[in-house]
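Q: I would like to see how this sequence folds:
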Amino acid sequence: MDATLPIVLDENGDLSMFLTIEAACLAVEAIDVVNEEYEGFDALGRTLTLSAHGELVSIEVNVNSEPEPAELAQRLRSYLNNDWVKQRGIEVSADATLPELVHALVRYQYGVGGPAGYGTQNLRGLKTRVGWERHGGRGVLRISATWIPWDRHQGRGRIELIPNGPELPK
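A: Below is the predicted model of the structure:
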């Protein structure tokens, strides 16, 4: 049985939402899965089983359990009613449905704002820009972001995905 996306992982009240199973598997550490630090739900409230296989993590719908939409809704409501979420303009009503709560968490974690041309700013305030830049006559595909540690040689936090791309015309 496939999970209904997105999925939510709860690490002691800190919720993280993932748009794919693969993204969630890459984001969590196997040791944390072994230590049972996460509880997971799909968008319908079905519980997820997280397993570690060496350093790899897998996530599947727990077919032996009943969906718990009320449990997921309560966790989402509790998380979304924190001050740091409200400061970002996310408001949820006391009678919000599970789909409305899931949508609010998506807006909080993946919502965008900020000036055009800069990139995106999610509602946690972390700015990200992905794109091609010119460096030494060659194209460089970079992720530049306020959440990447600053490097004094590069001038800002960035990850070069393709550091030595094609030659660019002048």
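
Q: Please make it C-alpha for all contacts and neighbour counts, starting now.
A: Fine.

Q: mean confidence for stretch 90-100?
A: For stretch 90-100, mean pLDDT rounds to 89.

Q: Contacts for that stretch, please.
A: 43-44, 69-70, 72-73, 77, 80-81, 101, 104, 107-108 (CA atoms under 8 Å, 6 or more residues apart in numbering).

Q: now the residue nearest to residue 72 when sequence neighbours are not counted, what's its secondary structure?
A: Distances taken as CA to CA, 6 or more residues apart in numbering put residue 45 closest to residue 72, at 5.6 Å, once the chain neighbours are dropped. The three-state assignment at residue 45 reads coil, by DSSP: H, G, I helix; E, B strand; the rest coil.

Q: So which of the contacts of stretch 90-100 is the closest to residue 89?
A: Of all the contacts of stretch 90-100, residue 108 has the smallest distance to residue 89: 8.7 Å, by CA to CA.

Q: number of nearby residues for that closest one?
A: Per other CA atoms under 10 Å, the neighbour tally for residue 108 reads 21.

Q: mind listing the strands for the protein?
A: 7-11, 14-18, 39-41, 47-53, 56-61, 120-121, 127-135, 138-145, 158-162 (DSSP state E).

Q: Run me through the strand neighbours of the second one, direction for each.
A: Here strand 14-18 is paired, per DSSP bridges, with strand 7-11 (antiparallel).

Q: Sort the contacts of stretch 90-100 by pLDDT and name the bottom one.
A: pLDDT across those is at its lowest for residue 107, which sits at 77.
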